[in-house]
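In: Here is a sequence together with a model predicted from it:
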Amino acid sequence: MKVLAVGSIVKPVTPEQHQAIMPREVPATLKLYLEGKIEQYWYRQDAPGVVFLMDVESVEDARAAVNALPLAEGGFAQFALMAVGPLAPLSLLIEAK
């Protein structure tokens, strides 16, 4: 199942906190990528945060994965999750014979 995880920074991170958290955040995110749970990732252009396209068993699996990231665990980041899939109405274009 594909899940779009939109992460937002909800509490400012001080420079000291950034120094302490990011050496754990980056490897934890990379681990999810190498496990195949994060398929694609982007940095948000509209606000501080990230967007992950995830390949997981369920929305709950995605929630557990992103909530275990250090920024989320520390209350600095939150994720909005939504299940996504193929654009089903496109099948009407090929089945209309």
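Out: Here it is on my side, so go on.

In: those helices in this structure, which residues are they?
Out: Assigned helices in the chain, in chain order: 15-34, 59-67, 70-73, 91-95 (criterion: DSSP state H).

In: if I pick residue 4, what's in contact with it?
Out: Taking Cβ atoms under 8 Å, 6 or more residues apart in numbering as the criterion, residue 4 is in contact with 51-54, 81-82, 84. The C-beta positions use only the backbone N, C-alpha and C, and glycine is treated the same way.

In: in this structure, what spans have low per-residue confidence?
Out: By pLDDT under 70, the weakly predicted segments of the chain are 96-97.

In: What residues does residue 76 make contact with?
Out: Residues 9-13, 17, 21 are the ones in contact with residue 76 under the rule Cβ under 8 Å, 6+ apart.

In: Can you select the buried ones among the residues you listed for me in ChimeraX?
Out: Selecting in ChimeraX just the buried members of those, where the criterion is 16 or more other Cβ atoms under 10 Å, is done with this command:
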select :13,21
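
In: what's the closest of the contacts of residue 76 to residue 77?
Out: Comparing the contacts of residue 76 against residue 77 with Cβ to Cβ picks out residue 9 as the nearest, at 5.6 Å.

In: For that closest one, which non-adjacent residue is closest in space?
Out: Distances taken as Cβ to Cβ, 6 or more residues apart in numbering place residue 48 nearest to residue 9, at 4.1 Å, with adjacent residues excluded.

In: circling back to that earlier point, I'd like the contacts of residue 76 written out as TSV, with distance to residue 89 added.
Out: Shown next, in TSV, are these (distance: Cβ to Cβ, whole Å):
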residue	distance to residue 89
9	35
10	35
11	40
12	42
13	42
17	46
21	43
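
In: Which of the contacts of residue 76 fall within strands?
Out: Secondary structure of the contacts of residue 76 is defined by DSSP state E; positions in strands are residue 9.

In: hang on, the earlier thing: from the contacts of residue 4, which single one is nearest residue 39?
Out: Out of the contacts of residue 4, the one with the shortest distance to residue 39 is residue 53. That distance is 4.8 Å, counting by Cβ to Cβ.

In: hey, what's the closest one bridged with?
Out: Assessed by DSSP bridges, residue 53 has beta-bridge partners residue 4, residue 40.
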